[in-house]
Every structure is written in structure tokens, then in C-alpha cells.
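Colleague: Starting from these lines, generate the structure:
(one chain, ligands or ions: 1)
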Amino acid sequence: MNKFYITTPIFYLNGSPHIGHAYTTVAADVLARFQRQNKQEVFFLTGTDEHGAKIAKSAQKANMEVHKFCDKNAQAFLKLWEGLGISYDDFLRTSEPRHEEAVKEFLNQLKSAKTPKNRPALYEDEYSGLYCEGCEAYKTESDIENGLCPEHKIKPITLKERNWFFRLLDFEESLKKQIGLKKMKIMPEGRQKEVAGFIKHGLTDIAISRANVPWGIKVPFDESQTVYVWVDALINYLSALGWPKSKKFEKFWPADLHLIGKDILKFHAVIWPALLMALKIELPKSIFAHGYFTVGDEKMSKSVGNVISPEHLIKQFGADATRYLLLSLYPFGQDGDITIEKINLKYKSALANGLGNLVSRVLNLVETEFEGVIPVAVPSPRNLKNRNKLLENEEIYEAIGEIEDAVAFANQYIEKNKLWQIVKTKKEEAGIILSGLCALICEIAKYIDPIMPNISKDITDRLSAKKITKGEPLFPIV
Ligand code: ME8
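Modeller: From the prediction side, this is the model:
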């Protein structure tokens, strides 16, 4: 049995989970379920990023003690993942002792590590420059637009403090080589060029500790400093496996797939591999950075008033349909625009009037015209054979497209041949057609299992009942 280690980003706990977090996590869940079906031993990791100035300030603003604030928001993530049927194997919180231990070990090893140029990987220096607390990242003047961080629309703070630095620049050649050799695959196409661009133009040594940020993990060899929250966070991919020594680590490392949004590509495809190289730890096999969506062509934000809440979608459409809808609106990997109207329309066309209608009309004819028994064993009139190839390449949108084509084919076939009429006049012929459609629905049910596991089971159960009945609508219109 092969193994498959898949991760999502660990999400910041400064607020409740939003639909962007849901988007990545549902996609990771689809890929994890698919790999399990393909008999891979899967370890699916997600979690929360809890340290740093941003979260400490949010807790203060909420007038809560920071641990309590994190507990409350971590619960909101757990609740949402339960609501969406996320089948994670581990949920790591960076405030857990198991993570703190691994981070301290990592920092200690880094302290004695050497760069490819045989220099110490860490050195002490003064950082003097800009820092955006929204990104939790150091900024240069060229990153700033009109005095603001373009992503968070806040003014970066000016830092002047003594820190520990990591000699990232010494890793330039090694990074280029790894990326050139495609040992660590960066996907989808185009992102690799982006990373090559970062390496060519944007490498500087980076501060890996902060002074005056009490909410964090202390640097083990310098208690006046806390570990920079991004370094703390990236180590979650190791700490969850019990690094440095554990059976789980031996079994599952390197990660097969770090699934992330494009906003955090540099951290994952440049800083993370350099840190791993410094410690001579194998690099992840692949990184997939999906696109970002806007809502009505604007960044989703409370102030714009265009927030789509994942809880609202689950309440309106159910968990399975929400999973499907999130991934069916634009190709995974690209940017897209979503609105509640587009989601509603897609629900009606693809699910209620598409798949739901197909299942309902076929099972209805089996129930009423053939006493609930599929008349003959015939193969499906259409082969859905591309799923494995598509999902192995994270082409979730294209896989959904293949289902939608098959559903449209079957619904058009029923209409063109007026199946509800020939069932009255040419019963035998209608029985063969209907049996073929049942075989196709059975294939569709198997196909959609990683995307809509409950709907898939529901359809399979209906089809395998001794006496088939139409049953309740799969996707009611409310
Ligand atoms: O960056 N469209 O956490 P975060 C698509 N803690 N995906 C979106 C999105 C959108 N509009 N908005 C957010 C962090 N996302 C760090 C990660 S990992 C070691 C540390 C998703 O809470 C997408 O996956 O800001 C993005 O990368 C992530 O949320 C950022 O989550």
C-alpha cells in the first residue's frame, strides 16, 4: 500500500472560518477521499495557526484572554469541518505542546546547521524595515502601494529590532536546482515560473525571530525572542507527524501534496524548502497553489458587505451540495469570481434539475413501470473513465465537468426518446434503456463519491434496494 500525505494551510485564528478556508479544505478533502478510494494510506492534515501579533491583538480587541480566544475560534473551525464532512486525520493547533516541542527542536538544529556555502544558517542582526501584521510578513517599499499593504489595506508598522536571521540567500542555487529538476513539483503550470521569479528577484535573508511578540514560541537559545510566526506555522507539517523521530514521520514524510492558496506560495515554495534543506530533510513532493476568488469582482470583506458564509451555504444547500458548488464554479488553480446568485443558479441547473432530476425520473419509471426492479443487466451507455487521471492532477473542476456532461447526455436522451411514453408502448425496449440509465447513474454515484460522499451513498442505496422507489428529491428546491 502506498502512502499519501496531504496538507492544507493552517488557518489564522483571528476570526471565524470563511468560505476561502472552506474552499481549500473541501478540495483537499476531495483529493484525500479519492486517494483512500484508490487504496492509498492517506494522512490528511489541517489545523490552525494561533501565534503572533495579529492574533494577540484580535484577542485583545475581543476582550478575551488569548488562549480562550483561540479555543473559541478553533472550535468554530472544527464545527465547520464537521458540517462539511471533512475527513481529516489530524487537526493541529500550533499552541499545542507537541508542536512547541518540534519547533524548539527545529530551531536548535537550525542553530547548528550550515548553508550550502558552509556558513552558519543563522546569524544575529538588526532588522530595520516594514512589517505588515495582516500578512505577518516583512515588506519592502516596493511591496507597498500608497503607503498601505495592498492585500490588507493597512499601514505596515516600522520595526527596528534585533533578530535571528536565516541565510536564505545562500540557498539560491540549491533552490534553483531543485525547482529545475522538478523534484519538488510546483503546480499548476505557471506557478513554477512565479517561484523562479521570486528566487531571481526577491531573495533576501529573513528574520526568523521577533522581539516584543510575547504570544509565540520562545527561541530555545534566546528567550528574549519568539519564533517568527511563519516559521512556527510551516513546521506544523513536521510536528503533526511527530518529527524528529516517530514511525508516522518515517512513514508519511515527505508530504505528497501541500495544497495552498496562491497568496502563500513564496512561503511554501521558497522559504520552506530552504529551511528543510538546511536541516537535510527531504523536500515535499509537490505544492499546488490554487487561485483566489473574488465575490462580485471585489475582495470578500465585511466592509464591502459581500461575505458569503459557509454556514449559510450548508444550511441552504446541504453539506454535499456546498462541497460540489464551491468546486464547480471555476477551474481549480485559476482565479474566479463567485456570487450567491451564481451559486444558486448552479445548484438549480447542475444539481436540482440536473443530477437530482435524472435520478428521480429514472427511479420513478423503475418503481412505477417495473415494480421497482431493474429489468435487465446492461452496461452503461457512457463510460466515465477519466476520473482517476483528472483527480490525480487536481483537475477537480474538469472531473465535475465530466459528471455534468454525462448527466446532460442522460437527461437529453430521456427527453429525445420520450422514455415516459415508450415505456407504455414498447415496454421491452424501454426496459433496456432504463437499465442502461441505471448503470450510468451507478457509475456517476461512484464517480462523485469523493465530492459528495453522502449523496453518492444515497444514490447507491436507492439503486441497490430490493424494491427501488423514487424517494425524496436529492436536491430539493427551497
Ligand atoms: O495564510 N479564495 O492563513 P489564512 C481562495 N496561517 N482561497 C482563499 C481565499 C480566497 N478568496 N481566502 C483565503 C495563512 N483562502 C497562514 C497559513 S500555512 C503553514 C500558514 C484560503 O487564514 C487559501 O488557502 O490567511 C489561502 O492560502 C488561505 O486561505 C489563507 O489562510
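Colleague: so what pLDDT did Gly129 get?
Modeller: Per-residue pLDDT puts Gly129 at 88.
Colleague: Can you find the residue of the stretch 101-250 of the chain that comes nearest to the ligand?
Modeller: Residue of the stretch 101-250 of the chain nearest the ligand, by CB to the nearest ligand atom: Ala233 (3.9 Å). Where C-beta positions appear, they are placed from N, C-alpha and C, glycine not excepted.
Colleague: closest point of the stretch 251-400 of the chain to the ligand, which residue?
Modeller: Gly261 (2.6 Å).
Colleague: how many neighbours does Ile264 have?
Modeller: 19 (other CB atoms under 10 Å).
Colleague: Which residues are in contact with it?
Modeller: Pro9, Ala289 (CB atoms under 8 Å, 6 or more residues apart in numbering).
Colleague: Tell me the secondary structure of it, please.
Modeller: At Ile264 the chain is in helix, as set by DSSP: H, G, I helix; E, B strand; the rest coil.
Colleague: before we move on, the earlier item: tell me which element the residue of the stretch 101-250 of the chain closest to the ligand is part of?
Modeller: Element membership for Ala233, per DSSP states H and E: helix 229-234.
Colleague: quick check: mean pLDDT across the next helix or strand after that helix?
Modeller: Following helix 229-234 in sequence order, the next helix or strand is helix 236-239 (DSSP H and E). When pLDDT is averaged over helix 236-239, the result is 98.
Colleague: contact partners of helix 236-239?
Modeller: Helix 236-239 is contacted from outside by 7, 10, 45, 47, 49, 92, 94, 98-99, 101-103, 106, 244, 249, 253, 255, 258, 281, 284, using CB under 8 Å, 6+ apart.
Colleague: Of these, keep whichever come out buried.
Modeller: 7, 10, 45, 47, 49, 92, 94, 99, 102-103, 106, 249, 253, 255, 258, 281, 284 (16 or more other CB atoms under 10 Å).
Colleague: Just to be sure, which of the residues you listed are found in helices?
Modeller: Judged by DSSP state H, the buried ones among the contacts of helix 236-239 include His99, Ala102, Val103, Phe106, Phe249 as members of helices.
Colleague: And the first one, how far from the ligand?
Modeller: The span separating His99 from the ligand equals 11 Å under the rule CB to the nearest ligand atom, to the nearest Å.
Colleague: Tell me how many other residues crowd the residue nearest to that residue when sequence neighbours are not counted.
Modeller: Spatially, and ignoring its direct neighbours in sequence, His99 is nearest to Ser239 (4.4 Å; CB to CB, 6 or more residues apart in numbering). For Ser239, the neighbour count with other CB under 10 Å is 24.
Colleague: Neighbours of Leu351, how many?
Modeller: 25.
Colleague: tell me the contacts of it?
Modeller: Neighbouring residues of Leu351 by CB under 8 Å, 6+ apart: Phe317, Ala321, Tyr324, Leu325, Leu474, Phe475.
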